[in-house]
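Student: got a predicted structure plus its sequence, pasted below:
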Amino acid sequence: MRKKIVAGNWKMNLLPEEGKKLTSEIVNMAGDEVPNDVTLVICPPYTHLESVQKLTGDQEKVFLGAQNCHTEESGAYTGEISVPMLKAIGTSYVIIGHSERREYFSETDEFLAKKTDKLLSAGLTPIFCCGESLEQREGGKYVSFVTNQISNSLFHLSEDEIKKVVIAYEPIWAIGTGLTASPEQAQEMHEAIRKHLAEKYNADVANSISILYGGSCKPGNAKELFACEDVDGGLIGGASLKSRDFVDIAKSY
């Protein structure tokens, strides 16, 4: 059975004390309200990682994630943070390839392949983001664009390695816009991604990989999205900044 995951990407929001308060609320609610087969991941800014870890470290439902990492273990990379640093403070998951990183920091598929390798070698789980723009969707090229992102960054991996990756489909046109992919649109893309994985590897491998939906997922639409056969959870942005909304999304299974 594929793991059900609801990951919160706080982006560049909240001060440390606010982050601790939000984390405490989520951990307390999750214990009683979130189904045992659903994994929650909190991905705060770097300045919050240690304080969030202290609040999540003693239980098995909420895990610490980071929003990015560098490909090198150390060196003259001002402003960057390495995978060993993240692992040392208890990080379990790391988001890579988010559309904002691709757009604002010119991250390429090849660079993300290196990040994937570094994370897997350290025993951390990559949450690999992929998705198309509105122009690509309206031009009918959205499936090939997204599957090419996956091929370029992930298809050098072995079967055992690819099974340790979480994929997050995030239609760029639905991030922070209030627009949301319909359940039919989400299922179409998730099914296409899984088929693409099966063609490269095999059906068993493809069916073992969790594929999350990210793009204005909130309590009001999560149940419909999560009911789709190939949607295994969500990568949540704005709604992850409110404990009630985040937990309600996780309860939508």
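Tutor: Now that the structure is in, tell me what you want to look at.
Student: please enumerate the helices of the stretch 51-200 of the chain.
Tutor: Across the stretch 51-200 of the chain, reading from the start of the chain, the helices by DSSP state H, counting those that start in this stretch fall at 83-88, 99-104, 109-122, 134-138, 142-154, 159-162, 183-200.
Student: so which of these is nearest D37?
Tutor: Taking Cβ to Cβ as the criterion, helix 183-200 is the member of the helices of the stretch 51-200 of the chain that comes nearest to D37, at 18.8 Å. (Each C-beta comes from the backbone N, C-alpha and C, glycine too.)
Student: still on that earlier bit, with distance to V34 and mean pLDDT added, can I get the helices of the stretch 51-200 of the chain in CSV?
Tutor: Listed next are these as CSV, based on distance: least, Cβ to Cβ, whole Å; pLDDT from 0 to 100:
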stretch, distance to V34, mean pLDDT
helix 83-88, 24, 99
helix 99-104, 27, 96
helix 109-122, 25, 99
helix 134-138, 32, 90
helix 142-154, 29, 98
helix 159-162, 27, 98
helix 183-200, 21, 98
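Student: I'd like the ones you listed laid out as TSV, including mean neighbour count and distance to A206.
Tutor: Conversion of the helices of the stretch 51-200 of the chain to TSV gives the following (neighbours: other Cβ atoms under 10 Å; distance: least, Cβ to Cβ, whole Å):
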stretch	mean neighbour count	distance to A206
helix 83-88	18	26
helix 99-104	16	23
helix 109-122	18	17
helix 134-138	15	23
helix 142-154	19	11
helix 159-162	14	9
helix 183-200	18	4
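Student: buried sites along stretch 219-234?
Tutor: By neighbour count, with 16 or more other Cβ atoms under 10 Å as the criterion, the buried positions of stretch 219-234 are 219, 221-222, 225-226, 228, 230-234.
Student: all strands of the stretch 1-150 of the chain, in order?
Tutor: Per DSSP state E, counting those that start in this stretch, the stretch 1-150 of the chain carries strands over the ranges 4-9, 38-43, 62-66, 93-96, 125-130.
Student: so which of those gets nearest V83?
Tutor: Proximity to V83, assessed across those by Cβ to Cβ, is greatest for strand 93-96 (7.5 Å).
Student: restrict the closest one to CA atoms and write it as CSV.
Tutor: Extracted C-alpha coordinates of strand 93-96, given in CSV (Å, rounded to 0.1, in the frame of the first residue of the first chain):
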residue,chain,number,x,y,z
TYR,A,93,12.0,14.8,4.1
VAL,A,94,13.3,17.5,1.8
ILE,A,95,11.3,19.3,-0.9
ILE,A,96,13.3,19.7,-4.2
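Student: which strands and helices sit next to that strand?
Tutor: Using 3 or more Cβ pairs under 8 Å, 6 or more residues apart in numbering; DSSP states H and E as the contact definition, the elements that strand 93-96 packs against are strand 4-9, strand 38-43, strand 62-66, helix 109-122, strand 125-130.
Student: pLDDT score assigned to N202?
Tutor: Looking at N202, its pLDDT reads 98.
Student: for it, phi and psi?
Tutor: Its backbone dihedrals place N202 at phi -160, psi 170, with angles given as degrees, to the nearest 10.
Student: what about it, how many residues nearby?
Tutor: Counted with other Cβ atoms under 10 Å, the burial measure for N202 works out to 11 neighbours.
Student: how about the contacts made by it?
Tutor: With contact taken as Cβ atoms under 8 Å, 6 or more residues apart in numbering, N202 is in contact with E159.
Student: could you pull up the contacting residues of the closest residue to K218 other than its chain neighbours?
Tutor: If you skip the residues right next to it in sequence, K218 has A239 as its closest partner in space, 4.6 Å away by Cβ to Cβ, 6 or more residues apart in numbering. Each residue near A239 by Cβ under 8 Å, 6+ apart is listed here: 217-219, 245-246, 249.
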